[in-house]
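Trainee: Turn this into a model:
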Amino acid sequence: MTQGEFSKNGIVWENKSFEELSAEELYELLALRVEIFVVEQNCPYQELDYKDQHSYHMLCRKDGNLVAYLRMIEPGIAYETPAIGRFVVKESERRTGIGRELLRLAVKTCAELWQCEAITISGQAYLYDFYTGEGFDPVEGPYLEDGIPHYKMKKTL
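Mentor: As a prediction, this is how the structure comes out:
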């Protein structure tokens, strides 16, 4: 899935460049990111970091509502490799497999978009087992990012 939309099991998956996002979609994804990263995790930080313009945005909708999201940042912006970040799943959809499927789609999409050999993430430490279970290996950490323990992890393709 490089760009576009498809449905699977009642879930609609969309992948769009920054320029393809409507104002409504941008507002919706930013609201979800703030809901999780700022409010739920009680972590005031600079959400808007100018990396969105250099990213593809993968949105996951269930019954028309945005329930999961991540961005795939082009190589050379966050890391030498493409990066996956701002990975969020609404609390009501956690432990349903949506997050795992979203991450797998993003890895596949990064490989297609950038013909890369590896993908880098800065994953929250509490998700260490989730990321290592998906083939990401720690390369640095733990370290604090916005007051939350993280690991820099890389997946070789």
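
Trainee: switch to C-alpha atoms for all contacts and neighbour counts from now on
Mentor: OK.

Trainee: In the chain, where is pLDDT below threshold?
Mentor: Applying pLDDT under 70 to the chain picks out residues 1-6.

Trainee: which residues of it fall in strands?
Mentor: 4-8, 11-17, 55-62, 65-73, 83-89, 118-124, 137-145, 148-156 (DSSP state E).

Trainee: partner strands of the second one, parallel or antiparallel?
Mentor: Right, strand 11-17. Using DSSP bridges, the strands paired with strand 11-17 are strand 4-8 (antiparallel), strand 55-62 (antiparallel).

Trainee: ok, and which of the ones you listed has the densest surroundings?
Mentor: Most buried of the strands paired with strand 11-17, by mean neighbour count (mean count of other CA atoms under 10 Å): strand 55-62, with a mean of 23.

Trainee: Between strand 65-73 and that one, find me the angle.
Mentor: Counting by axes from the mean of the first three to the mean of the last three CA atoms, to 10 degrees, strand 55-62 lies at 160 degrees to strand 65-73.

Trainee: Could you export strand 55-62 as PDB, CA atoms only?
Mentor: As requested, the backbone C-alpha atoms of strand 55-62 are provided in PDB (Å, rounded to 0.1, in the frame of the first residue of the first chain):
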ATOM      1  CA  SER A  55       5.700  12.300   5.900                       C
ATOM      2  CA  TYR A  56       3.100  10.000   4.600                       C
ATOM      3  CA  HIS A  57       0.200   9.600   6.900                       C
ATOM      4  CA  MET A  58      -1.500   6.300   7.500                       C
ATOM      5  CA  LEU A  59      -5.000   6.500   8.900                       C
ATOM      6  CA  CYS A  60      -7.100   3.700  10.200                       C
ATOM      7  CA  ARG A  61     -10.900   4.200  10.300                       C
ATOM      8  CA  LYS A  62     -13.600   2.000  11.900                       C
END
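
Trainee: Begin at 9, not 1, for the rest of this chat.
Mentor: Sure, I'll start counting at 9 from here, so that last one is strand 63-70.

Trainee: Now tell me what touches it from outside.
Mentor: 18-26, 37, 74-82, 110, 114 (CA atoms under 8 Å, 6 or more residues apart in numbering).
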